[in-house]
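J.: what follows is a predicted structure for the sequence shown.
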Amino acid sequence: PLFAKNKSLLKLEYAILILHYYQYEQSNELIQQAMEELGVTVSLTGKVGVKTKYQTFKVAQLIAEVKTAEESKAEETLPSDSPNDKVPDVKQLDQILDNILYEKPKLENEVEEAQSLSIEVHACLSALLKHLNKSSPMDDIVREKSIAYLSKIIDSIKNWSVGISALILRSAFEIKMPKRMDRAVMQLEQIYKDYEAKDPELADRTRFLFALSMKSYFENTIETADIYASIGWYTTAAEFFKELNIPESAFEYLSISHPDKALEYLETLPAAIKRTPKMLCVLGDLKKDPELYKEAWELSNHRSVRAIRSIGRDFFNKKQYDQSLEAYRKAVALNDFQLNVWSNMGFIHMSRNEYEKGIACYHKVVGIDEQQWKAWTNIAAMQRNLTQPKKAFAAVSEAVKFAERNWQVWFNYTVMAIDAENFGSFLRGMGKLIALDHAEAISDFMLAKLVEIQLKWLEDLEANNDLHRSVGFQMKRCLDLFKDFSPHKH
């Protein structure tokens, strides 16, 4: 068993190493081989249960399921996972005032008992989690899968390193969840204390350093500071960066929360640090001085993306679009992965009726983040102006996925469904406008179109009686719409 565990750890180290170089398939193969050495299989599955204490109906909950072969020694206690190992303090949801969530989904017909897993199995779960986050764009599905893996690890922590790595990542996910944000903040504070504590000793903390690809204290502190900044705790984030002696980031976050203190802090820094490209850009933001951006651009030998982006933004805000486009093109030539730059370039082209160029820019935006529904609606509007109704409808269909409660987007969806002659979607759009209490947006033209569609269906039915069932269903949808629409309109 000990030899199998060592082999699995070696394969995990190699898997994490090549994952760093984007070799996704080979990395996944090695992770699977490591699990085979331990006789372990891991799968994500759904089980019926509830997430909240007052939930009256049960739905499928996503969980990570770990199965071990009977002959496997994966759960055998060896020196590597001694019960005397120091583990970090895990904050529970019930420590939050007025918490309504269960710590983990309460499943139907299952006894609540933590599954005892070895550190090596935890390392496999951690590797699967890293592979998922490295190889997939972050969205709600990936986030839920990640939390399922993390819950399985945190459920039975046996090692300090495993626990710290998992808890920091869980906090990064939960900080964006309103009902879990308080726990995330409490956990981050506790992790900071755990790092400062004397126990466990360095040898114990680094025992699984490479198999877990555990980040250093320096990296974890930066990540913690960025997490705090993401929820608006800029002063706290700045203090972390001061402690790490990263004055540029400390100055940047202080300039957002306390501009006066930021300028005082700047005076305490050496002259060489004050005049770096990043510091000049932050100071330019603070003083609204575009000359500082130009100085940063020259100082960087025309290599600072932030400097040229700031120059482009300044011209954009002044509506000097030719100069703005010139600067933005230089910015994306240095770094193509800039959502706001592509969005502003798309706006400029759209305002000039340069629709093909505008569409190309907004496609870059949704390529970076597909949930940018405003970009999808702009793409749809420009494609409609280019008399490409089917492409326009396809784009606005993407927009409604991410703006389901926005009635203006549904109005555009309804109009473009008519253009694309997609009458089923036209009916859906009208129904959604009524459901969102914006029946007034339904124009007389739409109602006339609805009547026209019904008359056409009746003609089709007379020509082909086999269409009776499908036409009857669509006619019922129309009648239901009229029924729902009347009390709203009048």
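T.: Arrived safely. Numbers count the residues shown, from 1 in each chain.
J.: just read off the phi/psi values of residue 44.
T.: phi -100, psi 130 (degrees, to the nearest 10).
J.: so who does it touch?
T.: Counting by Cβ atoms under 8 Å, 6 or more residues apart in numbering, residue 44 touches 62, 63, 64, 65, 145, 148. Quick note: C-beta positions are derived from backbone N, CA and C, even for glycine.
J.: how far away is it from residue 175?
T.: Per Cβ to Cβ, to the nearest Å, residue 44 is found 23 Å from residue 175.
J.: tell me the contacts of residue 412?
T.: Taking Cβ under 8 Å, 6+ apart as the test, what residue 412 contacts is 377, 380, 381, 396, 399.
J.: show me where this protein dips below the pLDDT cut-off.
T.: 1-2, 70-85, 111-114, 457-490 (pLDDT under 70).
J.: can you give me the helices in the stretch 51-200 of the chain?
T.: 119-135, 140-154, 160-174, 181-196 (DSSP state H, counting those that start in this stretch).
J.: ah, wrong one, I meant the stretch 301-450 of the chain
T.: 305-317, 321-334, 339-351, 355-368, 373-385, 389-402, 407-419, 423-435, 444-463.
J.: the ones you listed: which one's closest to residue 279?
T.: With Cβ to Cβ, the closest approach to residue 279 among these belongs to helix 305-317: 10.7 Å.
J.: how about that closest one, which residues are buried there?
T.: By neighbour count on 16 or more other Cβ atoms under 10 Å, the buried set for helix 305-317 is 305, 306, 307, 308, 309, 310, 311, 312, 313, 314, 315, 316.
J.: I figured the second one was touching residue 279, is that so?
T.: No - Residue 306 lies out of contact with residue 279 (Cβ atoms under 8 Å); the separation is 10.7 Å.
J.: who touches the spatially closest residue to residue 19 that is not a sequence neighbour in this structure?
T.: Leaving out its chain neighbours, the residue that sits closest to residue 19 by Cβ to Cβ, 6 or more residues apart in numbering is residue 27, at 4.1 Å. Contact analysis of residue 27 by Cβ under 8 Å, 6+ apart lists 15, 16, 18, 19, 131.
J.: neighbours around the second one, how many?
T.: Meaning residue 16. 22 (other Cβ atoms under 10 Å).
J.: again, but for the third one
T.: Under the neighbour criterion other Cβ under 10 Å, residue 18 is assigned a count of 15.
J.: helix or strand for it, which one?
T.: Here residue 18 sits within helix 2-19, counting by DSSP states H and E.
J.: which neighbouring elements make contact with that helix?
T.: For helix 2-19, the helices and strands in contact under the criterion 3 or more Cβ pairs under 8 Å, 6 or more residues apart in numbering; DSSP states H and E are helix 24-38, helix 119-135, helix 209-212.
J.: give me the buried positions along the last one.
T.: The neighbour-count criterion (16+ other Cβ under 10 Å) identifies 211, 212 as the buried residues of helix 209-212.
J.: from residue 52, how far off is the closest residue to residue 89 other than its chain neighbours?
T.: If the residues on either side of it in the chain are set aside, residue 89 comes closest to residue 190, at 5.1 Å by Cβ to Cβ, 6+ apart. Using Cβ to Cβ, residue 190 is found at 25 Å from residue 52.
J.: ok, the two, which is more surrounded?
T.: The neighbour count for residue 190 versus residue 52, taken as other Cβ under 10 Å, is higher for residue 190 (16 against 13).
J.: the more buried one contacts residue 92, doesn't it?
T.: No - the pair residue 190 / residue 92 is not scored as a contact, 11.4 Å apart, by Cβ under 8 Å.
J.: output stretch 205-215 as CSV, nothing but the C-alphas.
T.: Taking C-alpha atoms only, stretch 205-215 is exported to CSV below (Å, rounded to 0.1, in the frame of the first residue of the first chain):
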residue,chain,number,x,y,z
ARG,A,205,3.5,21.8,6.0
THR,A,206,5.7,21.0,3.0
ARG,A,207,5.2,17.2,3.1
PHE,A,208,2.9,17.2,0.1
LEU,A,209,4.1,20.4,-1.4
PHE,A,210,4.6,19.2,-5.0
ALA,A,211,1.7,16.7,-5.2
LEU,A,212,-0.7,19.5,-4.1
SER,A,213,1.1,22.2,-6.0
MET,A,214,0.6,24.3,-2.9
LYS,A,215,1.1,28.0,-3.3
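J.: correct me if wrong: residue 115 contacts residue 67.
T.: No - counting by Cβ under 8 Å, residue 115 stays clear of residue 67, with 9.8 Å between them.
J.: give me the common contacts of those two.
T.: Joint contacts of residue 115 and residue 67 (Cβ under 8 Å, 6+ apart) do not exist.
J.: about what we covered before: now do the buried residues in the helix holding residue 18.
T.: 4, 5, 7, 8, 9, 11, 12, 13, 14, 15, 16, 19.
J.: that helix: how far from the chain's middle?
T.: Relative to its chain's centre, helix 2-19 lies at 29 Å (Cα atoms, centre = their mean, to the nearest Å).
J.: what sits up against that helix?
T.: 26-28, 30-31, 33-35, 37-38, 73, 78, 80, 118, 120, 123-124, 127, 130-131, 134, 208, 210-211, 213.
J.: what subset of those residues is buried?
T.: Buried among the contacts of helix 2-19 by 16+ other Cβ under 10 Å: 27-28, 30-31, 34-35, 37-38, 73, 80, 118, 120, 123-124, 127, 130-131, 208, 211, 213.
J.: contacts only, for the closest residue to residue 231 other than its chain neighbours.
T.: Leaving out its chain neighbours, the residue that sits closest to residue 231 by Cβ to Cβ, 6+ apart is residue 175, at 5.8 Å. By Cβ under 8 Å, 6+ apart, residue 175 lies in contact with 181, 184, 185, 227, 230, 231.
J.: rewinding a little: turn the helices of the stretch 51-200 of the chain into CSV, columns for distance to residue 440.
T.: Listed next are those as CSV, based on distance: least, Cβ to Cβ, whole Å:
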stretch, distance to residue 440
helix 119-135, 45
helix 140-154, 32
helix 160-174, 40
helix 181-196, 37
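J.: ok, which of those helices comes nearest residue 241?
T.: helix 181-196 (14.0 Å).
J.: neighbours of the closest residue to residue 61 other than its chain neighbours, how many?
T.: Spatial nearest neighbour of residue 61, chain neighbours left out: residue 105 (3.7 Å); criterion: Cβ to Cβ, 6+ apart. Residues within reach of residue 105, counting by other Cβ under 10 Å, total 23.
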